[in-house]
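1. Here is my input; please provide its structure:
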Amino acid sequence: MSVGDDKKRDEIRRMIAKGKRVLDSARNMFADGDFEGACSRAYYAVFHLMQAALFERDMVFSKHSGVTGTFFKEFVKSGTFPREYAKIIKRLQENREVGDYSYHKEIPKEVAKEDVIDAETVVNAITDYLVRRGF
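-> Now for the predicted structure:
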């Protein structure tokens, strides 16, 4: 194995770890009643794992739209992950935007709970995929 492979493996492992820490943060915020914060963190947990999966294929993007669009194309349309994940990720992103930027909408507890649960599902699935690939 080359030095470059070791660096890539280390970077992907850091991305996975960050995603899992952010998911823990989402759970904690939910437990504390910060539903907007929980939705934001749920989205970012998934976002970090999508970045890790794309990085495994040597793809790096500077915008959220690049990450999500390419993830959908490379991993959802191809059948690596269920089509349902595209809907989940879009919903997580929309709720993150409400939670982070809206002064007129609030995220209900039930929506935040669903976001955290779905984020955990997606994070675990992408993590399992990367672990099977040696990361």
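
2. Secondary structure class of the residue positioned nearest the centre of the chain, three-state.
-> For the chain, residue 46 is the residue whose C-alpha lies nearest the centre (CA atoms, centre = their mean; 0.6 Å). For residue 46, the assignment made with DSSP: H, G, I helix; E, B strand; the rest coil gives helix.

3. shift numbering so it begins at 40
-> Sounds good: first residue 40 from here, last item residue 85.

4. give me every residue that touches it.
-> By CB atoms under 8 Å, 6 or more residues apart in numbering, residue 85 lies in contact with 58, 127-128, 131, 158, 161-162, 165. To be clear about C-beta, it is placed using only N, CA and C from the backbone, and glycine gets the same treatment.

5. Swap in 7 Å and give it another go.
-> Residues near residue 85 by CB atoms under 7 Å, 6 or more residues apart in numbering: 128, 131, 158, 161-162.

6. Out of these, the closest to residue 109 would be?
-> Nearest to residue 109 among those: residue 128, at 12.0 Å, using CB to CB.

7. what about the residue nearest to the centre of the chain, distance to residue 116?
-> Using CB to CB, to the nearest Å, residue 85 is found at 17 Å from residue 116.

8. which stretches of the chain have low pLDDT?
-> For the chain, the stretches with pLDDT under 70 are 40-42.

9. give me that answer again for 80
-> 40-43 (pLDDT under 80).

10. related to what we said a few turns ago, which of the contacts of residue 85 fall within strands?
-> Using DSSP state E, the subset of the contacts of residue 85 located in strands is empty.

11. quick one: which of those is most hemmed in?
-> Using other CB atoms under 10 Å as the neighbour criterion, residue 158 leads these with 28 neighbours.
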